[in-house]
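Enquirer: Okay, structure incoming, though there's no sequence with it:
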């Protein structure tokens, strides 16, 4: 483990102890017919069953549990395409802090409704014209609230990594772990945690083809800014990783691979028809990469696949999988 | 327990020992937001995660494990709208028996493909013009194969009941158990098993409004034949219960209630959006009845809800839940 990384395996262990009373230990499911199709043993870590329907609950509780009493009184602010928003809203309500969430106008209806349902104040913005960071900053200057970044934060990263500790307890001899990758918070947390427990494990992050900011950034050696990507994976529409997540990914992750929207739709349809799971487009990116043959030397391997979230309107879900050969 | 019933709690215990190596112990899931909405504590027995995606694997293995070597050599025949077909096909392949399945031409594509995928020979018939019983009978006369009925069989009923033993081990203090009801095999098995373990539990079966043959039969005191019901719940399109299942249901079940197709769609949409579960229309009938307020004195109760199957084409699933307010 290079010393320059800002998150250590011990930080993940500490985060796990902190958040354990507030989040679910999610199940690891298997499917013999998918194993046969892929020619590998797949272990699906189902964060779809996590609080708020996505792994983001881990990072949000991890960060909010470190607020001082004074900070908690002033409250928290977050900007998010959805799952992080719900997670911060839930954690804030649970811990007694006011929360304001800056969300894009085109976020899925289910995510907007859920965020408001958790009692947060929602500020809407236009994803293509306004800067959510600027909006949040103005608010913070006015109210003194604490910003909870979706991935550029060590406590958030450590929180996301806790799922890898659970996964490797359930399946200690994994050869590979594949996770979806937006800003890299999940991937870097999983990387720190799993390399700490099992140094031999090979790690892969999966981005949408249209939104490969992390892949480009790894190649360039510094964060690359891309236009807002056009993809069905709304939870992976980040435009730039953080220095912090990029450093961890470069040190510990074998490769960032990409999948097309059709790869995502095929993965969603198979997860529904074979495993009876509702997984959102971005949440199925890990499995989509395995299915599309993007993971080197996957044949015969024992592969942990993170299904990172399930927050998709049922109607949209139906439209996305319509006509996909299962 | 009236002495006249042909299936006893001990039969269910024996079936459980017999089938344990071949079927999954399925998880019981809970959802705080649905509990809040209903005003009760719901415990979902997820047979969607069972082998072949439905509880039918239990009954099929229970029956096929009783075949003599000679019977196994001659093979088995089944007629089914789908899930029973897949279950018999899987059990037959697993145990080394040839299987022929008589299926309606309009069965869901996913179920037809899965049945063939398990290596069974499929004979298609027209649900509105031909008698599947007659087709199966002709075949049996020709080949000497053993008929495996979907519900009119004690070993099948005992097999289905095994899920109630698991449910009551996980949640011993249930007040109510609600299960979907087609021909009554699941309901009668669950009734025998759960009354044996917990006599105070109240049992409800749920039929589609358009297909209330069991409700009518309970009222009449003998099996009533109805026309093929028009409902989205393809797995509950039975037209008459058996004497055998009706006798158990009359003795042990508090009430048969019904739900509309819209009730089913609303239940499916909520199970997808809140619990990330793909449940087929008939499989969601138990939850639909709870949601629609059809279960007497449900408020405050601890309710076991059997989600009996998840075999629905993802595209059809999307169409069914489209526009349902979640």
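Expert: Here it is on my side, so go on. Nothing here was measured: the structure is a model prediction, and the numbers come from that model.

Enquirer: low pLDDT regions in the stretch 101-250 of chain A?
Expert: Within the stretch 101-250 of chain A, no stretch has pLDDT under 70.

Enquirer: Let me see the contact set for whatever residue of it ends up closest to chain B.
Expert: When scored by CB to the nearest CB, the stretch 101-250 of chain A has residue A:110 as its residue closest to chain B, at 6.0 Å. The C-beta positions use only the backbone N, C-alpha and C, and glycine is treated the same way. The contact partners of residue A:110, by CB atoms under 8 Å, 6 or more residues apart in numbering or on different chains, come to A:311, A:312, A:313, B:273, B:326.

Enquirer: again with residue A:35
Expert: Counted by CB under 8 Å, 6+ apart, residue A:35 has contacts A:41, A:42.

Enquirer: Quickly note the distance from it to chain B.
Expert: According to CB to the nearest CB, to the nearest Å, residue A:35 and chain B sit 14 Å apart.

Enquirer: and that residue, what pLDDT?
Expert: At residue A:35, the predicted lDDT confidence score is 97.

Enquirer: Check which helix or strand it maps to.
Expert: helix A:32-38 (DSSP states H and E).

Enquirer: And the residue nearest the centre of chain A?
Expert: Nearest to the mean C-alpha position of chain A, by CA atoms, centre = their mean, lies residue A:186 at 4.7 Å.

Enquirer: can you redo the contacts of residue A:110 as a markdown table with neighbour count, secondary structure and distance to residue B:305?
Expert: A markdown table is the format used below for those (neighbours: other CB atoms under 10 Å in any protein chain shown; DSSP: H, G, I helix; E, B strand; the rest coil; distance: CB to CB, whole Å):
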| residue | neighbour count | secondary structure | distance to residue B:305 |
| --- | --- | --- | --- |
| A:311 | 25 | coil | 23 |
| A:312 | 30 | coil | 23 |
| A:313 | 22 | coil | 23 |
| B:273 | 25 | helix | 17 |
| B:326 | 17 | coil | 18 |
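
Enquirer: mind listing what the residue nearest to the centre of chain A touches?
Expert: A:55, A:151, A:160, A:179, A:180, A:306, A:308.

Enquirer: got it, and residue A:66?
Expert: A:18, A:155.

Enquirer: wait, is the residue of the stretch 101-250 of chain A closest to chain B part of a helix?
Expert: Yes - per DSSP: H, G, I helix; E, B strand; the rest coil, residue A:110 lies within a helix segment.

Enquirer: The stretch 201-326 of chain A: strands as residue ranges?
Expert: In the stretch 201-326 of chain A, the strands defined using DSSP state E, counting those that start in this stretch lie at A:202-208, A:255-259, A:302-307.

Enquirer: since we're on residue A:71, how many residues are nearby?
Expert: Counted with other CB atoms under 10 Å in any protein chain shown, residues neighbouring residue A:71 total 15.

Enquirer: And it, how far from residue A:120?
Expert: 17 Å (CB to CB, to the nearest Å).

Enquirer: Which residues of the stretch 151-300 of chain A lie near chain B?
Expert: Neighbours of chain B within the stretch 151-300 of chain A, by CB under 8 Å from any CB of the partner chain: A:268, A:269, A:272, A:273, A:275, A:276, A:277, A:278, A:279.

Enquirer: hmm, back to that, buried only: go through the contacts of residue A:186 for me.
Expert: A:55, A:151, A:160, A:179, A:180, A:306, A:308 (16 or more other CB atoms under 10 Å in any protein chain shown).

Enquirer: farthest pair in those?
Expert: A:151 and A:306 (14.9 Å; CB to CB).

Enquirer: With the flanking residues excluded, which residue is spatially nearest to residue A:203?
Expert: Computed as CB to CB, 6 or more residues apart in numbering or on different chains, the closest residue to residue A:203 that is not its neighbour in sequence is residue A:253, at 4.7 Å.

Enquirer: Nearest to chain B within chain A, name that residue for me.
Expert: For chain A, CB to the nearest CB, closest residue to chain B: residue A:318, 1.0 Å.

Enquirer: burial of that residue, as a residue count?
Expert: Neighbours of residue A:318 (other CB under 10 Å): 22.

Enquirer: can you pull the contacts of it?
Expert: Residue A:318 touches B:314, B:315, B:317, B:318, B:319, B:320, B:321, B:322, counting by CB under 8 Å, 6+ apart.

Enquirer: separation between the residue nearest to it when sequence neighbours are not counted and residue A:46?
Expert: With sequence-adjacent residues excluded and distances taken as CB to CB, 6+ apart, residue A:318 is closest to residue B:318, at 1.0 Å. Separation of residue B:318 from residue A:46 (CB to CB): 21 Å.

Enquirer: got a pLDDT number for the residue nearest to residue A:318?
Expert: For residue B:318, pLDDT reads 86.

Enquirer: Kindly report the same for residue A:255.
Expert: Reported pLDDT for residue A:255: 98.

Enquirer: cool, and the one 3 residues further on?
Expert: Residue A:258 is assigned 98 on the pLDDT scale.

Enquirer: Isn't it up against residue A:295?
Expert: No - counting by CB atoms under 8 Å, residue A:258 stays clear of residue A:295, with 11.9 Å between them.

Enquirer: neighbour-wise, which of the two wins?
Expert: The residue with more neighbours, out of residue A:258 and residue A:295, is residue A:295; 24 against 21, by other CB under 10 Å.

Enquirer: which residues touch the more buried one?
Expert: Taking CB under 8 Å, 6+ apart, one finds A:176, A:178, A:204, A:257, A:289, A:303 in contact with residue A:295.

Enquirer: Please repeat the previous calculation with a cut-off of 10 Å.
Expert: Contacts for residue A:295 (CB atoms under 10 Å, 6 or more residues apart in numbering or on different chains) come out as A:38, A:40, A:176, A:178, A:202, A:204, A:206, A:254-255, A:257, A:286, A:289, A:301, A:303, A:305.
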